[in-house]
Each structure stands twice: as C-alpha cells, then as structure tokens.
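Enquirer: got a predicted structure plus its sequence, pasted below:
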Amino acid sequence: MRYEANCRSKDNSKVRYNTNTRKATAWRAKGEAMKNAAYYNGTISAIEDIKVPLEDRAVYFGDGVYDVAFCHNGKPFLIDEHFDRFYNSCRLVRIDFPYTREQLLEIITDLISRLDDRSDVLIYWQASRGTAPRNHPFPENSKANLLMYVKPKKITKLDVPMKLHTVDDIRYEMCNVKTINLIPNILAAQAAIDAGCDEAVQIRRRLFEEDGTEYRDVVTEGAHTNISILKNGEFITAPLGHFILPGIARSHLIGLCRENGIPVVERYITRAELADADEIMISSTTTLVRRACELDGAPVGGRDTVLFDRIQQLYVEKLDRDCI
Ligand code: PDD
C-alpha cells in the first residue's frame, strides 16, 4: 500500500509526499507518532529507514549544502533567515534548488507534526546537486535532491560554561557557504574533544581580506559555532566575508546588542585578545549563546558576567517571544 498526499503551497505549486515506506504508511493508518521523521525526494519515513542512492553526489563528493534550524514550542525559530542562508548557499555553489521556501516549510511542518515530542526539535535539511555517475563536472539533466529530517533536541545547558581548544583554521575560502563538506570542521571538533574540551576555536595564521588587508593569527569561528567576545562593554565579533559562516544566532546577538545600547564591533580579534577577553561567547542555533571558562587549559572570561547574562537573557527571551 502506498500513501500519497498532495498539498498546494502558497505559490500554488504542488508538493507531493510519497510516504511509500511501510512504516510511514502504518503511521498514517494508525495515527502513531514517530520518534523522528525524515524526507528524501518525496519519501517520508523514520531516519533509519531513509535510503539515499549511492550516486547522490552528496555521497561521494559532498556536493551539497545544508542548514540547521530549531523548533521551539512547536514553532520553527528564525526560519526565514535559515531559508535565506540556504538559498544563498545554493546560489554560491550553483545548485539549482527546485523547491520554494513555502514548499520547504510545508515539508518541515508535516515532518514535525509526525513527532511524538514536538517541544524542542532540530530541523536539518540538505540539497545535493543531483544523482549521476561519478564525474566531477555538473551532471547534465539531473535535479537537486532534498534530504530533510527532524528529531527532538533539547536546548544545550545555557548555564554551563564551555572549554575551548584552539586549532589552525585549515579551511578554504568559502566558509560563508554552509557546505556539507565539513572535514576540517570535523577534525577541529574532534581535536577539541581529544583535548577534553567542548568546542574548537579556529585560528587563521594568515588571512587576506578582499581589499588586500592582511591579518595574522586571528580567530575566525568555532568548528560549528561563531565566537565573539565582550571587552570593555563592547560586543566584538569577526566580520562577515569568506572566512566565517554568517551565523543566525550571531546576527541576532548583534541585533539585540544594538537595540539595547551595547556597542557592537565587527572586526577580527587575535588569539591573544581572545585569551584576554572579559567574556568569550559561543553561539549557534542549537547552543544559543554560552560563555567559555577555559581556553587551551587556561582560565578565561568571567570578568563581565553581568553583561554576558543580560545578552544571554535577551536571546532566550527572543526565542520564547518568537515561539509562543
Ligand atoms: N552549525 N559556524 C559554523 C562553521 C557552523 O557550522 C555553525 C552552525 C555556526 C553557527 O551558525 P547558526 O547560528 O546559524 O547556527 C557558525 C550548525 C548548528 C551545524 O552544523 O550543526
């Protein structure tokens, strides 16, 4: 038996869900909730039952882009900004992504509606360039693949400070693209774990901005987070460009600081400045914003807890306000 649901999105294009796995069909029949839910090109099932073909270019080239959003109280948080970044990533790597944002939102909503626990949910989706025999240039006549999943995830412990470990930033110059090619980030994250830490801080030994300005030994970002500091009452964070991911949490921290009269400076900081920061702030969709207490084994931060707590509180209030 095969269950099909056709929905119309706001722009009147059709979204077709072929929930042709036995589990999804059974779920529909019995109305049972799922522990997690995934989607691949029209098929819906539990994550562990999704089948991705070997020749999906994500498998052998990592030829794709992704995004991660968070759903709180059943409501996706800042989803438009995640969509903006995702479509921009597609554009930057020339993936012709056929779904509209309304269609994406419909699939997200559908998947979330299937979960037994919908309070706090991680939403992951990726587009790969298509399915074709392995060959480096773009395949002809192949359509982008959409893979998505949702699963319950609690917000990380906001009051627990993090230990950081510095690593060389060995990535290329497209860090603004949220590519699924994450090997340097994975190595950085594991190096942090191996050092008994929670997150890595990536340091570029040499960095050239587009205007030719050269920087040395500067902090770019974490393995999977943005890194900012508080110093003398200012919120300081690396500028947008090719060397960091434009984090959604980062951009809202900037916005909240500005709205609340806290000066914001977007510039690179050195490792020495990081070590001497009043507070180090680690931000991401799933981390929200947390402080650091240790950098390469030495104590850091803890010198402006009042301002840190205020900014963290503003961010948590925003999450609660937006997701009523
Ligand atoms: N990581 N920098 C990098 C390299 C990241 O991978 C992430 C997010 C961020 C923070 O971005 P945002 O605030 O939009 O989450 C910065 C996600 C959560 C991940 O890969 O799982």
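Expert: Structure received. Numbering: from 1, shown residues only.
Enquirer: neighbours around the residue in the stretch 1-150 of the chain that the ligand sits nearest to, how many?
Expert: Nearest residue of the stretch 1-150 of the chain to the ligand (C-beta to the nearest ligand atom) works out as residue 68 at 4.2 Å. All C-beta atoms are positioned from the backbone trio N, CA, C, and that covers glycine. Neighbour count for residue 68, taken as other C-beta atoms under 10 Å: 18.
Enquirer: and it, that one's in a helix?
Expert: No - the assignment for residue 68 is strand, going by DSSP: H, G, I helix; E, B strand; the rest coil, so no helix is present there.
Enquirer: hmm, residue 46 is touching residue 39, no?
Expert: No - between residue 46 and residue 39 there is no contact under C-beta atoms under 8 Å: 11.1 Å.
Enquirer: so which of those two has more stuff around it?
Expert: More neighbours surround residue 39 than the other of residue 46 and residue 39, with 22 against 18 (other C-beta under 10 Å).
Enquirer: which helix or strand contains that one?
Expert: In the assignment (DSSP states H and E), residue 39 maps to strand 37-40.
Enquirer: show me what that strand is packed up against.
Expert: Packing partners of strand 37-40 (3 or more C-beta pairs under 8 Å, 6 or more residues apart in numbering; DSSP states H and E): strand 43-45, helix 101-113, strand 145-152.
Enquirer: ok, and what's touching the helix or strand that the shortest one is followed by?
Expert: Next along the chain after strand 43-45, taking DSSP H and E as the criterion, comes helix 57-61. Among residues not part of helix 57-61, those counted as contacts by C-beta atoms under 8 Å, 6 or more residues apart in numbering are 52-54, 63-64, 126, 128-132, 134, 136, 139, 145, 147, 180.
Enquirer: burial of residue 177, as a residue count?
Expert: By the criterion of other C-beta under 10 Å, residue 177 has 19 neighbours.
Enquirer: what would the helices and strands packed on strand 37-40 look like in a markdown table with distance to residue 84?
Expert: Shown next, in a markdown table, are those (distance: least, C-beta to C-beta, whole Å):
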| stretch | distance to residue 84 |
| --- | --- |
| strand 43-45 | 26 |
| helix 101-113 | 9 |
| strand 145-152 | 17 |
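Enquirer: flag the shaky bits of the protein, pLDDT-wise.
Expert: Scanning the chain for pLDDT under 70 picks out 1-31.
Enquirer: which residues of it lie near the ligand?
Expert: 68, 185, 221, 224-226, 245, 247-250, 283-286 (C-beta under 6 Å from any ligand atom).
Enquirer: okay, which residue is most central for this protein?
Expert: Nearest residue to the geometric centre of the chain (C-alpha atoms, centre = their mean): residue 68, 3.9 Å.
Enquirer: separation between that one and residue 242?
Expert: Using C-beta to C-beta, to the nearest Å, one obtains 21 Å as the distance from residue 68 to residue 242.
Enquirer: just residue 148 next, same as before
Expert: Residue 148 sits 27 Å away from residue 242, going by C-beta to C-beta.
Enquirer: now do the strands in the stretch 201-324 of the chain.
Expert: Shown for the stretch 201-324 of the chain, the strands assigned by DSSP state E, counting those that start in this stretch span residues 214-222, 226-231, 234-237, 264-266, 279-284, 288-295, 298-299.
Enquirer: any idea which of the ones you listed is most buried?
Expert: Most buried of the strands of the stretch 201-324 of the chain by mean neighbour count (mean count of other C-beta atoms under 10 Å) is strand 279-284; its value is a mean of 25.
Enquirer: ramachandran angles for residue 63?
Expert: Note on residue 63: its backbone torsions stand at phi -90, psi 70 [degrees, to the nearest 10].
Enquirer: where along this structure do the helices fall?
Expert: Under the criterion DSSP state H, the chain contains helices at 22-30, 57-61, 79-92, 101-113, 183-194, 248-259, 271-275, 305-322.
Enquirer: as JSON lines, those with mean neighbour count and distance to residue 202 would be great.
Expert: Shown next, in JSON lines, are the helices of the chain (neighbours: other C-beta atoms under 10 Å; distance: least, C-beta to C-beta, whole Å):
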{"stretch": "helix 22-30", "mean neighbour count": "15", "distance to residue 202": "40"}
{"stretch": "helix 57-61", "mean neighbour count": "17", "distance to residue 202": "23"}
{"stretch": "helix 79-92", "mean neighbour count": "18", "distance to residue 202": "19"}
{"stretch": "helix 101-113", "mean neighbour count": "19", "distance to residue 202": "30"}
{"stretch": "helix 183-194", "mean neighbour count": "16", "distance to residue 202": "6"}
{"stretch": "helix 248-259", "mean neighbour count": "19", "distance to residue 202": "15"}
{"stretch": "helix 271-275", "mean neighbour count": "16", "distance to residue 202": "11"}
{"stretch": "helix 305-322", "mean neighbour count": "15", "distance to residue 202": "22"}
